[in-house]
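In: Give me the fold of what follows.
(2 chains)
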Amino acid sequence: AQKITQTQPGMFVQEKEAVTLDCTYDTSDPSYGLFWYKQPSSGEMIFLIYQGSYDQQNATEGRYSLNFQKARKSANLVISASQLGDSAMYFCAMTHYGQNFVFGPGTRLSVLP
Amino acid sequence: GAVVSQHPSWVICKSGTSVKIECRSLDFQATTMFWYRQFPKQSLMLMATSNEGSKATYEQGVEKDKFLINHASLTLSTLTVTSAHPEDSSFYICSARDDEASGSSEQFFGPGTRLTVL
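Out: Numbering: from 1, shown residues only, chains lettered A, B, ... in the order given. Predicted coordinates for the structure are as follows:
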């Protein structure tokens, strides 16, 4: 069965510092995609970054990078130069092509001024 | 990027009434859409997979007679909460896959519908 684990229910980071949000996953299928979404208080799911299971390089999107360690089945999100607007819930998710997302429990990030 | 809309964004209804939520893919066709439910301070949980022209596939524990799904066109799926009760109060989010993006695992999320049943 597919499962996503996020062990940090809440995280604090000082503005302008970097923060790492942990995500581990479990699947027996070699083909999968890993996503990170940001959910502010408004509820919308904002796509941040994607990593395919066969991608050789770690994904990067602006201030977001994904530390993909396939053997350890981890896909941690790194946010550099945190901003106050980064305060939100962050969900790690996995999908097998064409199927639904399986979401982790989420991490609430609070950026301190 | 691809856009998915949901209507209404917020609804309050009395216990025992039915509520219909629409999910539309605005600039792409979606044979498959997904409906998720999110209770406060929890993660998104898949309720059902909606397939255009066929019956929806429901997850274990989700009552198909209570949560009616109709995917009548390639751009519209509807979720009807029948005889709603306070425990159905939740945030309902749909997502859609772009039929043209074969091989891609990306899905596009709607903005969500917040349902409150009094």
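
In: With chain B in mind, check whether stretch A:60-77 reaches it.
Out: No - Stretch A:60-77 does not reach chain B (CB under 8 Å from any CB of the partner chain); its nearest approach is 13.0 Å. In short, each C-beta sits where N, CA and C put it, glycine included.

In: A:Ser82 contacts A:Tyr90, correct?
Out: No - contact criterion CB atoms under 8 Å: A:Ser82 and A:Tyr90 do not qualify, at 12.0 Å.

In: Would you point out which residue is most central in chain A?
Out: Here the mean C-alpha position of chain A is nearest to the C-alpha of A:Trp36 (CA atoms, centre = their mean), at a distance of 3.5 Å.

In: Tell me what that residue is bridged to.
Out: When bridges are called by DSSP bridges, A:Trp36 pairs up with A:Ile49, A:Cys92.

In: I figured it was touching A:Ala88, is that so?
Out: No - with contact defined as CB under 8 Å, A:Trp36 and A:Ala88 do not form a contacting pair (11.4 Å).

In: Got the confidence number for the nearest residue to B:Lys14 once chain neighbours are set aside?
Out: Ranked by CB to CB, 6 or more residues apart in numbering or on different chains and with sequence neighbours excluded, the top spatial neighbour of B:Lys14 is B:Leu118, at 5.6 Å. Note on B:Leu118: pLDDT of 96.

In: in the chain, what spans have low per-residue confidence?
Out: As the question left the chain open, I've gone with chain A. Applying pLDDT under 70 to chain A flags no residue at all.

In: Oops, wrong one, chain B.
Out: In chain B, residues with pLDDT under 70: B:1, B:102-103.

In: What sits closest to B:Trp35 if chain neighbours are left out?
Out: The nearest residue in space to B:Trp35 (CB to CB, 6+ apart) is B:Met47, at 4.6 Å.

In: Then the one you found would be within a helix, right?
Out: No - applying DSSP: H, G, I helix; E, B strand; the rest coil, one finds B:Met47 to be strand, outside a helix.

In: A:Thr60 reaches A:Leu77, doesn't it?
Out: No - in this structure A:Thr60 lies outside contact range of A:Leu77 using CB under 8 Å: 11.1 Å.
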